[in-house]
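[1] Quick check, what structure comes out for this input:
(2 chains)
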2 protein chains.
Amino acid sequence: MKKVKIAIMGIGTVGGGTYEILTTNRELIKKTRGLDITVKKILDRAVENVTARGIDASLACTDLEAIVTDPEISIVVETMGGVEPARSFILRVLAAGKSVVTANKELISKCGYELEAAAKKTGAGLYYEASCVGGVPIIRTLTDSMQANNITEILGIINGTTNYILTKMSKEGLTYEAALKEAQQLGYAEFNPTADVEGYDAMYKLSILSSLAFHTCIPYTSIYREGITKITAEDIAVGKEMGYTLKLLAIGKRSGNEIEARVHPTFVPNSHPLASVNDAFNAVFLKGDFVDDIMLYGRGAGARPTGSAIVSDIVVCAEQASRHSYSDFDNNGRLEEGIVVKSNFSSRYYLSFKLMDKPGVLGKITGILGDNGVSINKAMQHGDDADGYAPVVFFTHLTTEDAVRKSLDIISRSDAVKSLDSLIRVL
Amino acid sequence: MKKVKIAIMGIGTVGGGTYEILTTNRELIKKTRGLDITVKKILDRAVENVTARGIDASLACTDLEAIVTDPEISIVVETMGGVEPARSFILRVLAAGKSVVTANKELISKCGYELEAAAKKTGAGLYYEASCVGGVPIIRTLTDSMQANNITEILGIINGTTNYILTKMSKEGLTYEAALKEAQQLGYAEFNPTADVEGYDAMYKLSILSSLAFHTCIPYTSIYREGITKITAEDIAVGKEMGYTLKLLAIGKRSGNEIEARVHPTFVPNSHPLASVNDAFNAVFLKGDFVDDIMLYGRGAGARPTGSAIVSDIVVCAEQASRHSYSDFDNNGRLEEGIVVKSNFSSRYYLSFKLMDKPGVLGKITGILGDNGVSINKAMQHGDDADGYAPVVFFTHLTTEDAVRKSLDIISRSDAVKSLDSLIRVL
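    Numbering: from 1, shown residues only, chains lettered A, B, ... in the order given. Alright, predicted model coming up:
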């Protein structure tokens, strides 16, 4: 029986979940993997944060050096979140030759290259399956099951908070604000929800996943990002009428040296499997040139699913000391020379305007759109006139981002238009 | 760059797909994994089977010893199918200390314990990700991502042929015979379709998957198996009317030392994600005590997806020579002492009868069912009387297999019943 002593840095929700799994299922892992994994030290700002979870105070430490200098500890779990001090702590741990398992998507997305370089220097491992899509084995699938494939597409719902909010808006007709409040009350959204609702969380994850999938660094700064805060109950209702469900999608595509990487609200046809991924669940499609589509579905967040992914990394790390989970590309944190992230991607669009209710206006607008290469699939008035303006929505055929932007620029200067209320991409 | 020389035994569909991936994506695997994998020998009954695929005759061999005695070959892929001679060939290869990657579910299910023992003896690896659910990384998920979990349930569509047939019957109203014929014409079903349509293929896979999931040997002989050959267009139509889609499900459950392991046609509520898994696609739910539900979806068969899984095994095998994919339980091929596979499982049921169209008959039947613990959720006549008998279907509440069997035994002796036409379990 191999004995594995680990430390946990940060005993919040996910750190607590990890500790719980390691104690609850210790015998299972001993029996099935021949590994006796025990938590020797838990680092937190205050000893009370450790004891408040019913964990003996003897495990608690407030000084990182107690972990770094403990020769028995071989693996350190980081569940503090955020960039600092997590980054400095991990660098210190890696420099000491200890492997790190982290759930920190922001840190891996922003500083992964730096952590990897530090890990390689001492031969330590760096594992982060838990950073993306909670308990769903998405990173392991990319690295250990799709090695034979050129991956051309990632398409997924990778943020549980926004999916919960959008599900509530869609199923119960709630406004964004009401749905957010409910998500906060249930602990699905934080008091400051920005990272989730503005798409930052999904952007960090897409940066990690698309880099692994496309074997080249896709910096988070190159990803187009749009959150769900401007989505209205009306948009969702109109979409519903037309057979669409609104989701915050993360989309990554590779075609030769051209990459698309974007996170934005998207109308998904109800016939698409992602349309029925509800509440806090996540799901990701991966397309490989030989395996075709694979979809993975599960809980994308939470103490227990994320803890499950962390413990799977601990087991893998303990079992294969010689094979680390480093990136298979030159990860200097920057876009590789010759690789282009396209801002002018192709999509279908939903556009919602308030238009002057006068003969000829609709024709004028569709004329401008058509002149710029945006052809209309459906146009309809939804709701009543107010002050002489009618709410009108358009669904376009496949066109490009640039064509839509250029059209809207011209349209916005027309007196016939009171406002562009929504622009939502359609899958 | 590590050079890896392999051999392929059996250059049929899957062997051909494996060869195609290894040649097409050789540079990708070199670049991303640092492995230069080449096929050195291909074993088949006739050299023409090799050259017919455009492969140079110099790779072909018809004598196993040419592979076994080649010191450069470290990994041998078996894509012959069936038990013999695949079993003897693999035993010979393992005895020579070479690792084996196989897609052979029947062989692993029937003789896996024997092959594992042979592999352990020489320290060779034995990998079979491709044996279950094609390109979907189900075995890797069980062994490398859910290690921290007690897995309590497997629920899935794991045979593409039957799913294609049932999808055709459901969407186009075809009879079983017509749908089978179409599947055969498209190459989804074999000329002799027994292994698929009678549920043997799904049974073998469930034996492998449930053994890995529950960490104990679930022999294929202990699995309840029922195929789709008796399913009628009427059953499917009635189910559709009631909001159900018919699927051939593989179900594995563990609760303490009690196991359920069964393969049978099942009415799945349309709201369940498995109801919308169509055509030759497969999908499997796995439930862990910490990660909760994970679902994996993808192509369950075919040269390219299965080849993708085989190559992923080759890469894993080449990268982690010291850590083999052996079972984590005492695999002697028999049910472990103390483990019970329950035949009296719980389910809901759909029962279809021809009943004498006379007052009191329906009451008599529901009375017998009720007396034996089978309570009716819905009863309805579908279609017209013939010869004084009416087609009547019942949907039951949750009950047990034994209760239903006992009721049917009594009912079958009644003059009021012309025939029991269908018994289909309902999820």
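
[2] From now on I want contacts and neighbour counts done on CA atoms only, so please keep to that.
    Fine.

[3] Test my guess that A:Ile108 contacts A:Leu209.
    No: using Cα atoms under 8 Å as the test, A:Ile108 is too far from A:Leu209 to be in contact (10.8 Å).

[4] For the one residue in the stretch 301-427 of chain A that gets nearest to chain B, give its distance to A:Ile29.
    Proximity of the stretch 301-427 of chain A to chain B (Cα to the nearest Cα) peaks at A:Pro305, 4.0 Å away. Distance, A:Pro305 to A:Ile29, by Cα to Cα, to the nearest Å: 17 Å.

[5] who has more neighbours, the two?
    Neighbour tally, A:Pro305 and A:Ile29, criterion other Cα atoms under 10 Å in any protein chain shown: the higher count belongs to A:Pro305, 30 against 20.

[6] For A:Thr21, list the residues it contacts.
    Careful, residue A:21 is Ile; it's not Thr. Shown in contact with A:Ile21 (Cα atoms under 8 Å, 6 or more residues apart in numbering or on different chains): A:304, A:307-308, A:311, B:148, B:290.

[7] By neighbour count, which of those wins?
    That'd be A:Ser308 among these, by other Cα under 10 Å, with 34 neighbours.

[8] Residues touching the host helix or strand of that one, excluding its own?
    Using DSSP states H and E, A:Ser308 falls within helix A:303-319. Residues from elsewhere that reach helix A:303-319, judged by Cα under 8 Å, 6+ apart: A:4, A:13-18, A:21-22, A:35, A:75, A:77, A:99, A:101-103, A:125, A:127-130, A:134-137, A:299-300, A:324, B:144-149, B:290-292, B:323.

[9] Next step: these restricted to strands.
    Judged by DSSP state E, those include A:4, A:35, A:75, A:77, A:99, A:101-102, A:127, A:299, B:292 as members of strands.

[10] residues near the nearest residue to A:Leu398 once chain neighbours are set aside, how many?
    Excluding the flanking residues, the one nearest A:Leu398 by Cα to Cα, 6 or more residues apart in numbering or on different chains is A:Arg348, at 4.5 Å. By other Cα under 10 Å, the residues close to A:Arg348 number 23.

[11] got it, and the one 5 residues further on?
    Here the neighbour count serves as a burial measure; for A:Phe353 (other Cα under 10 Å) it reads 20.

[12] got it, and A:Arg53?
    For A:Arg53, the neighbour count with other Cα under 10 Å is 13.

[13] Is it in a helix, a strand, or coil?
    coil (DSSP: H, G, I helix; E, B strand; the rest coil).

[14] so who does it touch?
    Counting by Cα under 8 Å, 6+ apart, A:Arg53 makes contact with A:Gly16.

[15] Give me the local confidence score for it.
    For A:Arg53, the pLDDT comes out at 96.

[16] just so I have it, where are all the helices in the stretch 1-150 of chain A?
    Using DSSP state H, counting those that start in this stretch, the helices assigned to the stretch 1-150 of chain A run over residues A:13-24, A:26-33, A:47-51, A:64-68, A:86-95, A:105-122, A:138-140.

[17] coming back round to it: buried subset of the contacts of helix A:303-319, written for PyMOL?
    For the buried members of the contacts of helix A:303-319, the matching PyMOL selection, counting by 16 or more other Cα atoms under 10 Å in any protein chain shown, is:
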select buried, (chain A and resi 4+14+15+16+17+18+21+22+35+75+77+99+101+102+103+125+127+128+129+130+134+135+136+137+299+300+324) or (chain B and resi 144+145+146+147+148+149+290+291+292)
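
[18] which one is the residue in the stretch 151-300 of chain A that chain B sits nearest to nearest to, not counting chain neighbours?
    Nearest to chain B, among the residues of the stretch 151-300 of chain A, is A:Val291, at 4.0 Å (Cα to the nearest Cα). Excluding the flanking residues, the one nearest A:Val291 by Cα to Cα, 6+ apart is B:Pro305, at 4.0 Å.

[19] do the same with A:Gly17
    If the residues on either side of it in the chain are set aside, A:Gly17 comes closest to A:Ala303, at 4.6 Å by Cα to Cα, 6+ apart.

[20] do A:Ala103 as well
    Counting by Cα to Cα, 6+ apart, A:Ala103 lies nearest to A:Ser131, which is 4.0 Å off, once chain neighbours are set aside.

[21] I figured the one you found was touching A:Ser109, is that so?
    No: here A:Ser131 lies out of contact with A:Ser109, judged by Cα under 8 Å, at a distance of 9.4 Å.

[22] Which residue of the two possesses the greater neighbour count?
    Neighbours were counted for A:Ser131 and for A:Ser109 using other Cα under 10 Å; A:Ser131 has more, 29 against 26.

[23] quick one: pLDDT of the more buried one?
    97.

[24] residues contacting it?
    A:102-105, A:108, A:205.

[25] Make CSV from these and add pLDDT to it.
    CSV is the format used below for the contacts of A:Ser131 (pLDDT from 0 to 100):
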residue, pLDDT
A:Thr102, 98
A:Ala103, 97
A:Asn104, 97
A:Lys105, 97
A:Ile108, 98
A:Lys205, 98
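
[26] still on that earlier bit, residues contacting the residue of the stretch 151-300 of chain A closest to chain B?
    For A:Val291, the contacting residues are A:146, A:149, B:135, B:299, B:304-306, B:308, by Cα under 8 Å, 6+ apart.

[27] Kindly recompute the last result at 7 Å.
    Neighbour list for A:Val291: B:135, B:304-305, B:308 [criterion: Cα atoms under 7 Å, 6 or more residues apart in numbering or on different chains].

[28] got it, and A:Thr141?
    B:Pro137.

[29] how does it look with 10 Å?
    Residues near A:Thr141 by Cα atoms under 10 Å, 6 or more residues apart in numbering or on different chains: A:129, A:147, A:213, A:286, A:294, A:296, B:136-138, B:140-141, B:144-145, B:312.

[30] thought A:Ala233 was touching A:Thr167?
    No: contact between A:Ala233 and A:Thr167 fails when scored by Cα atoms under 10 Å: they sit 11.4 Å apart.

[31] who touches both of those two?
    Listed as contacting both A:Ala233 and A:Thr167 by Cα under 10 Å, 6+ apart are A:173-174.

[32] For the stretch 51-200 of chain A, list the residues in contact with chain B, please.
    Residues of the stretch 51-200 of chain A lying near chain B by Cα under 10 Å from any Cα of the partner chain: A:129, A:134-150.

[33] do that again at 8 Å, thanks
    A:135-137, A:140-141, A:144-150 (Cα under 8 Å from any Cα of the partner chain).

[34] Please state the offset of stretch A:147-165 from the chain centre?
    For stretch A:147-165, the distance from its own C-alpha centre to the chain's C-alpha centre is 7 Å (Cα atoms, centre = their mean, to the nearest Å).

[35] Could you do stretch A:80-97 as well?
    In terms of Cα atoms, centre = their mean, the centre of stretch A:80-97 is found 22 Å from the chain centre.

[36] end-to-end on it?
    Distance across stretch A:80-97, first residue to last, is 20 Å (Cα to Cα).

[37] On the three-state scheme, the spatially most central residue of chain A is what?
    With distances taken as Cα atoms, centre = their mean, A:Ala202 lies nearest the centre of chain A, 2.7 Å away. The assignment at A:Ala202 comes out as helix when based on three-state DSSP.

[38] Might you report the residue contacts of it?
    A:158-159, A:196, A:250, A:263.

[39] can you do 6 Å?
    A:158-159 (Cα atoms under 6 Å, 6 or more residues apart in numbering or on different chains).

[40] In terms of pLDDT, where does A:Asp328 sit?
    88.

[41] these two touch, right, it and B:Thr32?
    Yes: using Cα atoms under 6 Å, A:Asp328 is in contact with B:Thr32, at 5.0 Å.

[42] Quick check: the residue sitting furthest away from the middle of chain A vs A:Ala390, distance?
    Centroid-distance maximum for chain A: A:Pro359 at 45.4 Å, with Cα atoms, centre = their mean. Counting by Cα to Cα, the gap from A:Pro359 to A:Ala390 is 12 Å.

[43] The next helix or strand after the helix holding A:Ser308 - contacts with which helices or strands?
    If you walk from helix A:303-319 toward the C-terminus, the next helix or strand you reach (DSSP H and E) is strand A:340-341. Where contact means 3 or more Cα pairs under 6 Å, 6 or more residues apart in numbering or on different chains; DSSP states H and E, strand A:340-341 is packed against strand A:258-269.
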